[in-house]
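Visitor: Here is my input, please return the structure:
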Amino acid sequence: MKKEVLTQEQAQLIVDGLLTGYKDYLDIRQKMKKKLKVSAGFAFTKGNYIDDGIANEVTSFARFHEKKQVRVGDILNLFLERGTLLFLS
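Guide: Next up is the predicted model:
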């Protein structure tokens with residue numbers, strides 16, 4: 001028998017947060033493309049917007065923990081109420 005780490009509702013909140021963060025990133029990226037003569041480096045902020053979107057959505061069942069860089073990308077650490085550590089990358 002498989003043990004579920006997340007309920008359907010919790011999984012949906014993570015997806016919603018991911019989509020919200022990505023949309024926020026795309027919106028600001030378009031604004032910065034128009035405003036800045038050089039904006040290519042702004043692309044490296046995408047992960048921050050996605051992590052922020054997820055962290056804001058999951059407050060009912062998880063708490064955000066400081067990101068730790070383990071490779072080129074960042075990992076968002078979420079501590080679930082049951083004490084499980086969830087890594088999203």
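
Visitor: Give me the buried stretch members for the strand or helix carrying residue 47, please.
Guide: Element membership for residue 47 (DSSP states H and E) is helix 46-57. Residues of helix 46-57 classed as buried: 46-47, 49-55, 57 (neighbour count, 16 or more other CB atoms under 10 Å). In short, each C-beta sits where N, CA and C put it, glycine included.

Visitor: out of those, who's nearest residue 25?
Guide: Taking CB to CB as the measure, residue 25 sits nearest to residue 49 out of the buried residues of helix 46-57, at 3.7 Å.

Visitor: For that closest one, list the residues it contacts.
Guide: The contact partners of residue 49, by CB atoms under 8 Å, 6 or more residues apart in numbering, come to 21-22, 24-25, 28.

Visitor: Skipping adjacent residues, who's closest to residue 45 in space?
Guide: For residue 45, ignoring the flanking residues on the chain, the nearest one in space by CB to CB, 6 or more residues apart in numbering is residue 25 at 7.0 Å.

Visitor: which residues in the chain form strands?
Guide: Assigned by DSSP state E, the chain shows strands spanning 62-69, 74-80, 85-88.

Visitor: The top helix by length along the chain packs against which elements?
Guide: Looking only at the chain and at elements set by DSSP state H, the helix with the highest residue count is helix 8-35. Judged by 3 or more CB pairs under 8 Å, 6 or more residues apart in numbering; DSSP states H and E, the packing partners of helix 8-35 are helix 46-57.

Visitor: and the angle for the helix it packs on with helix 8-35?
Guide: Here helix 46-57 points in a direction 140 degrees away from that of helix 8-35 (axes from the mean of the first three to the mean of the last three CA atoms, to 10 degrees).

Visitor: pLDDT (mean, whole number) over helix 46-57?
Guide: Per-residue confidence for helix 46-57 averages out to 86 on the pLDDT scale.

Visitor: For that helix, list the C-alpha coordinates in CSV.
Guide: The C-alpha atoms that make up helix 46-57 are tabulated as CSV, following Å, rounded to 0.1, in the frame of the first residue of the first chain:
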residue,chain,number,x,y,z
LYS,A,46,12.1,32.9,-12.2
GLY,A,47,12.7,30.4,-9.4
ASN,A,48,12.2,33.1,-6.8
TYR,A,49,8.8,33.9,-8.1
ILE,A,50,7.7,30.2,-8.3
ASP,A,51,9.0,29.5,-4.8
ASP,A,52,7.2,32.5,-3.5
GLY,A,53,4.0,31.5,-5.1
ILE,A,54,4.2,28.0,-3.6
ALA,A,55,5.2,29.2,-0.2
ASN,A,56,2.2,31.6,-0.1
GLU,A,57,-0.2,28.9,-1.1
